[in-house]
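Enquirer: A predicted structure for the sequence below; I have some questions about it.
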There are 2 protein chains.
Amino acid sequence: MAATVLIVEDEPAILELIAVNLEHAGYETLRAKSAEEAGRLLADILPDLVLLDWMLPGQSGLALARRLRGDARTREMPLIFLTARADEPDKIAGLEAGADDYITKPFSTKELVARIRAVLRRKKPQHGDAPVEISGLRLDPAAHGVTGNGQALSFGPTEFRLLHYLMTHPNRVHSRTQLLDEVWGDHVFIEERTVDVHIRRLRQALAPSGHDALIDTVRGSGYALRAEAAAMSRG
Amino acid sequence: MAATVLIVEDEPAILELIAVNLEHAGYETLRAKSAEEAGRLLADILPDLVLLDWMLPGQSGLALARRLRGDARTREMPLIFLTARADEPDKIAGLEAGADDYITKPFSTKELVARIRAVLRRKKPQHGDAPVEISGLRLDPAAHGVTGNGQALSFGPTEFRLLHYLMTHPNRVHSRTQLLDEVWGDHVFIEERTVDVHIRRLRQALAPSGHDALIDTVRGSGYALRAEAAAMSRG
DNA sequence: GCCGGAGGTTACGGTTTCGTTACAGCCGGA
DNA sequence: TCCGGCTGTAACGAAACCGTAACCTCCGGC
């Protein structure tokens, strides 16, 4: 039940300092030294909160924030900026980008923990990391693991997110457009047929345990993951 | 059903380019070459979304945006800015004026369509159709599934729409013309006998659970789906 | 019983949609 | 730097689906 915090900070000493303090306060931590590394992490794992340094080598923290807010998966994710610059313009830009709070260095670890607590309290209860199970197929977002009737299955990042979305919205037809919005993110420009290919890859990855049969093609509409309970809902 | 987009753009070539692309993507378009013209149009028609150029002769796009947000009638209308200026200050001013998104020229038509789609989707609190049930026959539009007394039945797209329509309008005779309008769409030209064939296919798909008997042929008039409660109501 | 009309049924060409494969680009790790 | 995994796109073939025509069956009126 411990909340997971992703810390994005290029200075190793500060990164370590923050991480140790947060862990001491009872949080689990993920670490990234650049926006790019954070992006890769976020492709697989959705932390409960992101602590984001403003100045980063390569892509800036602000740019990453914008990317997070442009993606349906991460739009609601709590975000706190961490920066040495106290200038007013930066602050405005940061909040415009959808940050929930803004902490200027130097800061006390007490203040840091207090603000994280406040932001987490303000945000809705997280549901993104609860394990899902349907028809013997079990997906655990936190562990990034899937088992089919006990047998371990492996997926690429996109396949994993696609399966996760389908499993959390079963017995419902999703158009290709919908899936692109929900799984890839609102602001991507991808051919609809690409969804077909990923469905195929997902089915292939599910095949070893036979769970590929769970994914129905609804001709002319899209795809649906069928949980057996719904087919016989009437008694 | 197609969403209507009002395009406000003073450059004729660009206006045309955008309009053609949106129409190709399935949207209906309205065109205005100035903020004033757009204002007159909006007095009569409320489009589903406004695509607004920043720089316009006469009244600026920003001014029009502010006016739209000040009017109760148009306050909730989705609005996307379209501009050649990528400067940060402009962007902030645009978003403060209540724009839902902001696209800088040059842009790809793919991106344009994707963003329009995203904004429209975000604004609409998607109202999923409710399941219908008649005499043990249950149809769930969201799941695109049908069960007859617990047994799963499968249909092609047209059969499904036809059954859906009949189930939501039971105990009523529908002429073939009516069915073509309601199920196929107003503007299609299709032989009336085609309806017969689809009724036949629908009955066949319903046969496994015996629900094919629900569809009555009314000689000389059309077809009707009979809900049992009504069977005794008429003599 | 005969007849005409309406609906039932079947078969078929054409089109759309989907599954599948192949491929090139990107990125990170060795 | 090469290599191997992952991704998005294009292309091709198969299957599903559709609309139409043709033929058959049923029905009522005479």
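Expert: Arrived safely.

Enquirer: Mind pulling up the pLDDT for the spatially most central residue of chain A?
Expert: The geometric centre of chain A, computed from its C-alpha atoms, lies nearest to residue A:46 (CA atoms, centre = their mean), at 2.9 Å. Residue A:46 is assigned a pLDDT of 77 by the prediction.

Enquirer: what's the burial count for residue A:139?
Expert: Counted with other CB atoms under 10 Å in any protein chain shown, residues neighbouring residue A:139 total 23. Just so you know, the C-beta spots here come from the backbone N, C-alpha and C atoms, and that holds for glycine as well.

Enquirer: If we go by neighbour counts, what in the strand or helix carrying it is buried?
Expert: Here residue A:139 is covered by strand A:137-140, with elements defined by DSSP states H and E. Neighbour-count burial for strand A:137-140, counted by 16 or more other CB atoms under 10 Å in any protein chain shown, picks out A:137, A:138, A:139.

Enquirer: burial measure for the spatially closest residue to the second one that is not a sequence neighbour, as a count.
Expert: Closest residue to residue A:138 apart from its sequence neighbours, by CB to CB, 6 or more residues apart in numbering or on different chains: residue A:147 at 5.0 Å. By the other CB under 10 Å criterion, the neighbourhood of residue A:147 contains 16 residues.

Enquirer: can you give me the end-to-end distance of stretch A:182-201?
Expert: According to CA to CA, to the nearest Å, stretch A:182-201 extends 18 Å from its N-terminal end residue to its C-terminal end residue.

Enquirer: worst-scoring helix or strand of chain A, pLDDT-wise?
Expert: Of all the helices and strands that make up chain A, the one with the lowest confidence by mean pLDDT, DSSP states H and E is helix A:228-231; it has a mean of 45.

Enquirer: State the distance from residue A:17 to residue A:29.
Expert: Remark: distance between residue A:17 and residue A:29 (CB to CB, to the nearest Å) = 12 Å.

Enquirer: I should have written residue A:21 there, sorry.
Expert: Using CB to CB, residue A:21 is found at 10 Å from residue A:29.

Enquirer: now do residue A:148
Expert: 31 Å.

Enquirer: The two: who's more crowded?
Expert: Using other CB under 10 Å as the criterion, residue A:148 and residue A:29 rank with residue A:148 on top: 21 against 18.

Enquirer: Touching, the more buried one and residue A:208? I think so.
Expert: Yes: at 6.9 Å, residue A:148 counts as touching residue A:208 under the criterion of CB atoms under 8 Å.

Enquirer: Give me the distance between the residue of chain A found nearest DNA strand C and DNA strand D.
Expert: Evaluated by CB to the nearest atom of the strand, chain A has residue A:217 as its residue closest to DNA strand C, separated by 3.5 Å. As defined by CB to the nearest atom of the strand, to the nearest Å, residue A:217 lies at a distance of 9 Å from DNA strand D.

Enquirer: So that residue: helix, strand or coil?
Expert: State at residue A:217, reduced to three classes by DSSP: H, G, I helix; E, B strand; the rest coil: strand.

Enquirer: if I pick the closest residue to it other than its chain neighbours, what's in contact with it?
Expert: In space, not counting the residues next to it along the chain, residue A:217 is nearest to residue A:223; the distance is 6.0 Å by CB to CB, 6+ apart. With contact set as CB atoms under 8 Å, 6 or more residues apart in numbering or on different chains, residue A:223 has these partners: A:166, A:173, A:174, A:176, A:179, A:195, A:199, A:215, A:216, A:217.

Enquirer: Would you check how far apart the second one and residue A:193 are?
Expert: Distance from residue A:173 to residue A:193, counting by CB to CB: 18 Å.

Enquirer: quick one on the thing from earlier: now rank the contacts of residue A:223 by neighbours and give me the top one.
Expert: Within the contacts of residue A:223, most neighbours by other CB under 10 Å means residue A:166, with 25 neighbours.

Enquirer: May I have the residues that are in contact with it?
Expert: Under the criterion of CB under 8 Å, 6+ apart, the neighbours of residue A:166 are A:174, A:215, A:223, A:224, A:225.

Enquirer: now residue A:215
Expert: A:166, A:199, A:202, A:203, A:206, A:223, A:224, A:225, A:226.

Enquirer: Pretty sure the second one sits against residue A:159.
Expert: The one in question is residue A:199. No: in this structure, residue A:199 sits apart from residue A:159 without contact. The criterion is CB under 8 Å, and the distance is 9.2 Å.
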